[in-house]
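Enquirer: Pasting the sequence and the predicted coordinates here, then a few questions.
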Amino acid sequence: MHWDDHRHALGVEAMDATHREFVALVVAAMQAPAADFAAAFAALHAHAIRHFEDESRLMAECRFAARAEHEDEHQRILGQLDFLAQRVALGRPGMARAYVEGLPAWFAGHLATMDSALAATLRTRGALTA
């Protein structure tokens, strides 16, 4: 996984910057040696919390029609990350490593559907475009 403006950029700089950071943190967690995985996963988890809070704020500001569905998806992911963070804290990172390996596919789908719809709404309303 790597950032690709053609595939990933949505034309809303606030979202694109956050997504660039997300991609970098996913890659860091995927590539982390065992001794560094807990810290890499913690950084990814903390980022996801901020990332989803920022998107919730954007959705509220533009009165995004699919806000409930989008926030439900975020809550599902945060719940999974919370559970996995507990496992990592107990010295059991296996499930978290496997989960991180699946994040690129999740991100591609989420970006192409929910985030692209939010970005289109923001662009239509003339807010926060690149």
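Expert: In hand now; what should we look at?

Enquirer: Can you list the residue ranges for helices in this protein?
Expert: 5-8, 13-31, 34-61, 67-89, 94-110, 116-124 (DSSP state H).

Enquirer: Residue 26 versus residue 101, what's the distance?
Expert: Taking CB to CB, to the nearest Å as the measure, residue 101 falls 9 Å from residue 26. In short, each C-beta sits where N, CA and C put it, glycine included.

Enquirer: Could you measure from the nearest residue to residue 15 once chain neighbours are set aside over to residue 100?
Expert: Closest residue to residue 15 apart from its sequence neighbours, by CB to CB, 6 or more residues apart in numbering: residue 119 at 5.9 Å. Residue 119 sits 25 Å away from residue 100, going by CB to CB.

Enquirer: What is the neighbour count of the closest residue to residue 39 other than its chain neighbours?
Expert: What sits nearest to residue 39 in space, not counting adjacent residues and going by CB to CB, 6+ apart, is residue 32, at 7.7 Å. When counting by other CB atoms under 10 Å, one arrives at 19 neighbours for residue 32.

Enquirer: surely residue 32 meets residue 42?
Expert: No. Counting by CB atoms under 8 Å, residue 32 does not reach residue 42; the two are 10.8 Å apart.

Enquirer: returning to what we had before: just send the helices of the chain back as a markdown table, with mean neighbour count too.
Expert: Shown next, in a markdown table, are the helices of the chain (neighbours: other CB atoms under 10 Å):
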| stretch | mean neighbour count |
| --- | --- |
| helix 5-8 | 11 |
| helix 13-31 | 18 |
| helix 34-61 | 16 |
| helix 67-89 | 15 |
| helix 94-110 | 15 |
| helix 116-124 | 17 |
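
Enquirer: Nothing else from me, thank you.
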